[in-house]
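Q: based on what follows, work out the 3D shape:
(chains A and B)
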Amino acid sequence: MMQRYGHLPAVALGGAVGAGVRWWVREVVTFDSFPWHTLLVNVIGCALLAFVTTRELPLGVNRLFAVGFCGGLTTFSTFAVEVVELADDGRPIMALTYVALSVALGLVAFIAVRSQFLEKSIVEGSHE
Amino acid sequence: MIAVGFLLAAAVGAFLRGYVTDLDAHFDRQMYGTAAVNIAGSFLLGILHHSSASAMLIVGVGGLGALTTFSTFVLQIDFINREGTATGAVLYVVGMLTLGVGAAWLGWSIS
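A: This is a model prediction of the structure:
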């Protein structure tokens, strides 16, 4: 059990730093009418996670960045509440646009980065 | 002080997410654990939405923000699409969005 949960302090540390960056972006990117700040951290977090998953890292380091930092940088709860907020504000089309943009851009960023860096390791013949 | 509270809350949120997702380590890419924290976190943030600015920042943006994750959600969509079927990936997206946004709406409505 120790081994299974031993990386949780690294997850907590990475999560705090990632969330700190998310807070900073929230302060810097202030658009009142559309949650650009959340969209930005979520898409960047997907790209970062994709990169981390293509690296062969020690488990603890992987957890620090993948589960900790990327998980802390990105957020599902704020995204979900912002969708409700936009709809409640009488802007259902904007709410749907926000959902579509978040998922589409997140996926495109993830797949693009993953294929880019996996391709390199295939050339090097290191894995997959 | 708010910064200290924010970072502590975020550390606790991420720790809990790591703990919960590890509970279902037997499942592919820990989908049930991630779904659980995302839905629970969205519901709680919906409830918290009407509270004070500092509580919202520390517990909402920090704690619940770190408890939930968008990047792993997207990783899972890509994983299902590659290892399973595109239909499965679409169903997963629609299901998670419905449950997550639905939970946020429910929390918002009852608070």
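Q: ok and the residue in chain B nearest chain A?
A: residue B:14 (2.1 Å; Cβ to the nearest Cβ). Placement of C-beta: from N, CA and C, glycine included.
Q: if I read this right, residue A:51 contacts residue A:113, doesn't it?
A: Yes: Residue A:51 lies in contact with residue A:113 (Cβ atoms under 8 Å); the separation is 5.3 Å.
Q: backbone dihedrals for residue A:16, please?
A: Main-chain dihedrals, residue A:16, degrees, to the nearest 10: phi -70, psi -40.
Q: after the one helix or strand the residue of chain B closest to chain A maps to, next one along is what?
A: Here residue B:14 sits within helix B:2-23, counting by DSSP states H and E. Remark: after helix B:2-23, the chain's next helix or strand is helix B:31-48, criterion DSSP H and E.
Q: near chain A at all, the helix or strand following that next one?
A: Reading on from helix B:31-48 to the C-terminus, the next helix or strand found by DSSP H and E is helix B:53-55. No: among the residues of helix B:53-55, none lie within reach of chain A under Cβ under 8 Å from any Cβ of the partner chain; the closest is 12.5 Å away.
Q: point out where chain A drops to low pLDDT.
A: A:1-3, A:119-128 (pLDDT under 70).
Q: pick out the residue nearest the middle of it.
A: residue A:45 (2.7 Å; Cα atoms, centre = their mean).
Q: spit out the contact partners of that residue.
A: A:18, A:70, A:73, A:74, B:70, B:71 (Cβ atoms under 8 Å, 6 or more residues apart in numbering or on different chains).
Q: ok, the second one - how many residues close by?
A: Spelled out, it's residue A:70. 29 (other Cβ atoms under 10 Å in any protein chain shown).
Q: and what of residue B:34?
A: 24.
Q: so what's whichever residue of chain A sits closest to chain B closest to, chain neighbours aside?
A: Residue nearest to chain B within chain A: residue A:15 (2.1 Å; Cβ to the nearest Cβ). Spatially, and ignoring its direct neighbours in sequence, residue A:15 is nearest to residue B:14 (2.1 Å; Cβ to Cβ, 6 or more residues apart in numbering or on different chains).
Q: again, but for residue A:54
A: residue A:117 (4.0 Å).
Q: now the most centrally placed residue in chain B: how far from residue B:94?
A: Residue closest to the average C-alpha location in chain B (Cα atoms, centre = their mean): residue B:38, at 2.2 Å. Going from residue B:38 to residue B:94 by Cβ to Cβ, to the nearest Å gives 14 Å.
Q: list the contacts for residue A:53?
A: Contacts of residue A:53 (Cβ under 8 Å, 6+ apart): A:66, A:114, B:75.
Q: ok, and what's touching stretch A:61-74?
A: Taking Cβ under 8 Å, 6+ apart as the rule, stretch A:61-74 contacts A:7, A:10-22, A:41-42, A:44-46, A:48-49, A:52-53, A:55, A:57, B:10, B:13-14, B:17-18, B:21, B:65-66, B:69-72.
Q: list the buried residues for it?
A: Of all the residues in stretch A:61-74, those buried under the rule 16 or more other Cβ atoms under 10 Å in any protein chain shown are A:62-74.
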